[in-house]
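Colleague: how would this look folded up:
(3 chains)
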Amino acid sequence: MNGWLLTAGVVLAAGGAAALLGVATGPLRRRVVAQNLLTALACPGLLLLAQAYDRPSYVDVALVLALLGPVGTLVFARLLADELAADPPRARTLTWAAAGLGAAVVVVLCAAVGPSRAMVKLLVTGALLIVGNVIASHALSGGFPGESR
Amino acid sequence: MIVVALLLVAACATTAVLVRDPVHQALVLAVLGTVLAVLFTVLQAPDVALSQLAVGSALTPLLMLLAVRKVKRPRRHKGDER
Amino acid sequence: MRRRTVLALAEFLIWWAALLALWLVLVSAVDTLELAVGAGAAGLGALAATAARRAVTAP
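Modeller: Okay, the predicted model is just below:
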């Protein structure tokens, strides 16, 4: 049991439990925010797992999650637009906290990997994660009114 | 680590069964898909995790929400062609 | 007219270079075959990206 695995376990357990609690109870606006945040928390967890198992190819899973997670959230934002417009979710603090956690994990992993192609891949993953989550969160809070037809 | 992932999957699946509203169920299913992908990664099967992510986190909720929409729509617009 | 052609070509080349760089970052080992396949795939992607950009920002 090394430190990477322990950190990944803590991030995944805390994030998963919080997201499950948020998604199982409360009004609809809290549920969509919790679903969005799980993506933002599971992706750093997967990156830490890749480092813990010393398998750089596991980074692919985190990369795909960073790409597809916001897509899933955008599906909800588009198809639940009517319900969400009446009661728009506000989660700016949570979104930026999750983005900060992702950025911190990526920076620490970059320092551990050292300058190489793997580091660029990590940076691409982190950028995708943060940009995707901010866009998805913005869409959830009705940020693109012209788009909801 | 395996125990943590297994517990999360079990809790998510139980919640998905217990939640009644289909829209809320779609949200829980999206969470379940992501957690399952984590479980597969922990079990050293990243290829399965990749396909699980593609199907579980985007496609299943999309299909469910589209079905819910289709079922709800005729009630609101009676006589509409769709 | 001529200026527009040069601009379109420059856009295509920028897309191609960016996509080729992304390919080379994501593959596991860089060698000649990967470079050739990546150049081809980046060319296709750049064509699609240019067409999509043109469709979105239609005059």
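Colleague: Residue 15 - nearest residue in space that isn't next to it in sequence?
Modeller: With no chain named, the answer covers chain A. A:Leu41 (3.1 Å; C-beta to C-beta, 6 or more residues apart in numbering or on different chains). Backbone N, C-alpha and C define where each C-beta goes, glycine included.
Colleague: hm, I was asking about chain B
Modeller: Once flanking residues are discounted, B:Thr15 sits nearest to A:Ala24: 4.7 Å by C-beta to C-beta, 6+ apart.
Colleague: Return the helix or strand in chain B with minimum mean pLDDT.
Modeller: In chain B, the helix or strand scored least confidently by mean pLDDT, DSSP states H and E is helix B:60-76, which has a mean of 82.
Colleague: Spatially nearest residue to the residue nearest the centre of chain C (excluding sequence neighbours)?
Modeller: Geometric centre of chain C, nearest residue: C:Trp16, 2.2 Å, by C-alpha atoms, centre = their mean. Using C-beta to C-beta, 6+ apart and skipping residues adjacent in sequence, the residue nearest C:Trp16 is C:Ala46, 4.1 Å away.
Colleague: so that neighbour touches C:Ala8, yeah?
Modeller: No: in this structure C:Ala46 lies outside contact range of C:Ala8 using C-beta atoms under 8 Å: 11.2 Å.
Colleague: Could you check which of the two is surrounded by more residues?
Modeller: Set C:Ala46 next to C:Ala8 and count neighbours by other C-beta atoms under 10 Å in any protein chain shown: C:Ala46 wins out with 20 against 12.
Colleague: And the helix or strand containing that one, what does it pack against?
Modeller: According to DSSP states H and E, C:Ala46 maps onto helix C:32-56. Here helix C:32-56 touches helix C:2-26, going by 3 or more C-beta pairs under 8 Å, 6 or more residues apart in numbering or on different chains; DSSP states H and E.
Colleague: before we move on, back to that, report how many residues lie close to the residue nearest to A:Gly15.
Modeller: 21.
Colleague: So it versus A:Pro115, what's the distance?
Modeller: A:Leu41 sits 27 Å away from A:Pro115, going by C-beta to C-beta, to the nearest Å.
Colleague: what helix or strand does B:Leu6 sit in?
Modeller: B:Leu6 belongs to helix B:2-18, assigned by DSSP H and E.
Colleague: For that helix, buried residues please.
Modeller: Buried positions in helix B:2-18, judged by neighbour count with 16 or more other C-beta atoms under 10 Å in any protein chain shown: B:Val4, B:Ala5, B:Leu8, B:Val9, B:Ala11, B:Cys12, B:Thr15, B:Ala16.
Colleague: Point out the other helices and strands that the helix or strand of chain A with the lowest mean pLDDT packs with.
Modeller: Least confident helix or strand of chain A, by mean pLDDT, DSSP H and E, is helix A:81-86 with a mean of 78. If contacts are counted by 3+ C-beta pairs under 8 Å, 6+ apart, helix A:81-86 sits against helix A:28-52.
Colleague: avg pLDDT for the helix it packs on?
Modeller: Average pLDDT, helix A:28-52: 87.
Colleague: Give me the buried positions along the least confident helix or strand of chain A.
Modeller: Neighbour counts using 16+ other C-beta under 10 Å place A:Ala81, A:Leu84 of helix A:81-86 among the buried residues.
Colleague: contacting residues around the helix or strand following that helix?
Modeller: For helix A:81-86, the following helix or strand on the C-terminal side (DSSP H and E) is helix A:92-113. Under the criterion C-beta atoms under 8 Å, 6 or more residues apart in numbering or on different chains, residues A:11, A:33, A:36-37, A:40-41, A:43-44, A:47-48, A:51, A:119, A:122-123, A:125-126, A:129-130, A:133-134, A:137 lie in contact with helix A:92-113.
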